[in-house]
Structures are given as C-alpha cells and as structure tokens.
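[1] my questions are about this predicted structure, shown below with the sequence.
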Amino acid sequence: MAGPGEQGVRIGLSAVVIALRDRNACVLTTPGEDGAAALPFGPFDPARDRTFERALRDFVTAQTGFRLGFVEQLYTFGDLGRASPRATPGPEHHREVSVGYLALTADAADAPQAEARWTPVLEIFPWEDRRDGAPACAGPLIADLKAWAEADPRRQARVETLFATTPAHRWNEGQVLDRYELLYEAGLVAEAARDQDRPPLPGAPGRVMASDHRRILATGLGRLRSKLKYRPVLFDLMPATFTLSELQTAAEAVAGLSLHKQNFRRGVERTGLVEPTGRVSAATGGRPAELFRVVDGDLSTGEALGLPLPAQR
C-alpha cells in the first residue's frame, strides 16, 4: 500500500468486444461519463480475483449480460493522468493502469442489459471507412493536419505516411492507433480538448469515448485488421455457415476497404480454410448462393493462413 505522498497503482481491465451487425463491425459499449460511450470496464481486486481474465469475464457479463468466448490481451495502458469511467473513489494519488483485451463473437444479438449496445466501430473512427472511397471527413481532416504540420518536416512525413496523401504512400489499414494518436496530438479529436480542459472542438469527427477508451479501441481494431492477413480470425465473427459474399462483406467491414470480388474469392479458395456444405442460401435476395463452412480442425494453432485483402484500385 502506498504511504503518505506516495502514488499507488489501481488496475482496471477493459474489453474490446467486436461482432458483426447489419454489415458493420460493431463494438460492445456501455454508458460512460457525460454520456460518452465506454468499453466494458472494471477494477481488478487482487484480494478477490484470481486472474485478470477471470475478473474481465465476470464484469463484462455483469455489465452487458454477455459471456465472452476467446479473448486475448492487447496492451497495458498506463499513461499518467488517465482516468477510469468507473473509477472507485480512492486516495488522491492513485494511478490508473488498464489492461486491454480483445474478444470476438459471432453472437451479435441485442445486448441483454438495456444500457449496453452494439456501436458501429467506423462511426467512432469515420476516417477509417474507405469502403466507398475516401470518407467525407477525410478532406477537412487532412487539410487541418497539413496546417498543423506546416514547416515541420517530421509532422508532414507522419501525415503523408499515415493518411497516404501522396502517390508514394499506400493506405495501411492496420495503423488505426497511429492515425488516432496523430489526430489527438493535432487536437482534432474531442478527447484532446477534453483532456486539456479546453472548449469542445466544433465538428470533431467520430464518437467521443470515455477516458482513453477510443485509444484502447483503436489498438484493438488495428490488431484485428493486421491479424486478418495471417490468422483466420474473421471466422470467429461468422456464423456456422455463410456465403462467400457474406465473408467478403465481413472482411470489408473490419478492414474498412472495398475488396476485389474475384481476387478475394480466389484467395479464399487458395487458403483451403473453407469448404462447400452442399446447400444454398435463399436469403441473398437474388440467385441462391452456395453456403460454405470452416474446415474441421483447430484454426487457432499451427500455420493456418489468414484471408486475402485485395483492395479495389
């Protein structure tokens, strides 16, 4: 225990729970401070909780009604000055450290707890949605970033690299956190003004989140996008059977990209990760489409490949 004048550490656990709903990747949120969305979050009690993961599972179920399946640890967030949206009152000098986890689920039913809801991830990060080309917010954001970076070569290089503003740079969908932190540093997201006790920024893009939860979510989305290419994590979001069009829509929803249909299908076939069921789906609204399923076996181990992301040109 911290003595007088010393700083104690309080450990919290944050859950980034992602599912697919209505052709969008959605994250499970609960009400936070000032009406801002928050990730499911709870304290770790070393005297009561045997493990971080057990405590995480318990409070996510208590707050949302959902029981988590597979989870993986993301990162430990311990920046000085961060605050929990559910911080228990305690000594003034406590420092908040949060351990973030990523969880994927194919169960996208309405949240059992009335206050919990599924929030589209790309409404929180609208600049990350390039399924229909550059989003409407991209132009003004890039203009503001360029003004902020003026006469500073290092800033200019970061803007060019992260937002692919020149032909020499390609959009890297996995750099979600880097882009968010750049926007935060430039004062272009609402959390930057809030954390510095400045007036709210008019027209700041995306949905504000409690504490540093948008940063934690950016870390989770970036991790998931990167893993699509080398691990079959997308299947953790899919039902038992699906069409190839549904699989492509899911990949596009997570990656925020429009994918080339034929190249995507050829790439899926090359992986050998799916097989036809011999049945068709009549729910496509047009010509019946063949249903597929994941091949038998444990895809979480070994050298299983991810799925291709052949973006449209």
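    All right, it came through fine. Numbers count the residues shown, from 1 in each chain.
[2] I'd guessed Glu53 sits against Tyr101; true?
    Yes: in this structure, Glu53 is within contact of Tyr101 by Cβ atoms under 8 Å, at 7.5 Å. C-beta here means a position set from N, CA and C on the backbone, and glycine is covered the same way.
[3] what about those two, which has more around it?
    Tyr101 (24 against 16; other Cβ atoms under 10 Å).
[4] who are the packing partners of the longest helix anywhere in the chain?
    Counting by DSSP state H, the longest helix found in the chain is helix 213-227. In terms of contacts (3 or more Cβ pairs under 8 Å, 6 or more residues apart in numbering; DSSP states H and E), helix 213-227 is packed against strand 9-21, strand 24-31, strand 71-77, strand 95-104, helix 121-124, helix 176-185, helix 244-255.
[5] out of those, which gets nearest to Ile142?
    Closest approach to Ile142 among those is made by helix 176-185 (10.7 Å; Cβ to Cβ).
[6] for that closest one, name the packing helices and strands.
    Using 3+ Cβ pairs under 8 Å, 6+ apart: helix 176-185 touches helix 138-149, helix 153-163, helix 190-195, helix 213-227.
[7] if we can go back for a sec, give the rounded mean pLDDT of the longest helix of the chain.
    On average, the pLDDT along helix 213-227 is 96.
[8] please save the CA atoms from it in CSV.
    What follows is helix 213-227, C-alpha atoms only, in CSV (Å, rounded to 0.1, in the frame of the first residue of the first chain):
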residue,chain,number,x,y,z
HIS,A,213,-11.3,4.2,-24.5
ARG,A,214,-11.1,5.4,-28.1
ARG,A,215,-7.3,4.8,-27.9
ILE,A,216,-7.9,1.3,-26.5
LEU,A,217,-10.4,0.6,-29.2
ALA,A,218,-8.0,1.8,-31.9
THR,A,219,-5.4,-0.6,-30.5
GLY,A,220,-7.9,-3.5,-30.7
LEU,A,221,-9.2,-2.6,-34.2
GLY,A,222,-5.6,-2.2,-35.5
ARG,A,223,-4.7,-5.6,-34.0
LEU,A,224,-7.7,-7.3,-35.6
ARG,A,225,-7.1,-5.7,-39.0
SER,A,226,-3.5,-6.8,-39.0
LYS,A,227,-4.3,-10.4,-37.9
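[9] just want the angle from it to helix 176-185.
    150 degrees (axes from the mean of the first three to the mean of the last three Cα atoms, to 10 degrees).
[10] okay, now the closest residue to Asp107 other than its chain neighbours: neighbour count?
    Distances taken as Cβ to Cβ, 6 or more residues apart in numbering put Ala19 closest to Asp107, at 6.8 Å, once the chain neighbours are dropped. Neighbour count for Ala19, taken as other Cβ under 10 Å: 20.
[11] re earlier: would you turn the helices and strands packed on helix 176-185 into TSV with distance to Pro276 and mean neighbour count?
    As requested, the helices and strands packed on helix 176-185 are exported to TSV (distance: least, Cβ to Cβ, whole Å; neighbours: other Cβ atoms under 10 Å):
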stretch	distance to Pro276	mean neighbour count
helix 138-149	39	16
helix 153-163	41	16
helix 190-195	47	18
helix 213-227	26	23
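[12] same list (the ones you listed) but as a markdown table, adding distance to Leu28.
    Below are the helices and strands packed on helix 176-185 laid out as a markdown table (distance: least, Cβ to Cβ, whole Å):
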| stretch | distance to Leu28 |
| --- | --- |
| helix 138-149 | 27 |
| helix 153-163 | 27 |
| helix 190-195 | 20 |
| helix 213-227 | 11 |
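[13] out of these, nearest to Thr119?
    helix 213-227 (9.5 Å).
[14] and that closest one, how far from the chain's centre?
    4 Å (Cα atoms, centre = their mean, to the nearest Å).
[15] same check on stretch 177-194?
    16 Å.
[16] got it, and stretch 138-153?
    25 Å.
[17] got a list of contacts for it?
    127, 155-156, 158-159, 163, 165, 182-183, 186-188, 205 (Cβ atoms under 8 Å, 6 or more residues apart in numbering).
[18] quick revisit: quick one: the helices and strands packed on helix 213-227 as JSON lines, columns for mean pLDDT too.
    Formatted as JSON lines, the helices and strands packed on helix 213-227 follow (pLDDT from 0 to 100):
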{"stretch": "strand 9-21", "mean pLDDT": "90"}
{"stretch": "strand 24-31", "mean pLDDT": "93"}
{"stretch": "strand 71-77", "mean pLDDT": "88"}
{"stretch": "strand 95-104", "mean pLDDT": "87"}
{"stretch": "helix 121-124", "mean pLDDT": "97"}
{"stretch": "helix 176-185", "mean pLDDT": "97"}
{"stretch": "helix 244-255", "mean pLDDT": "96"}
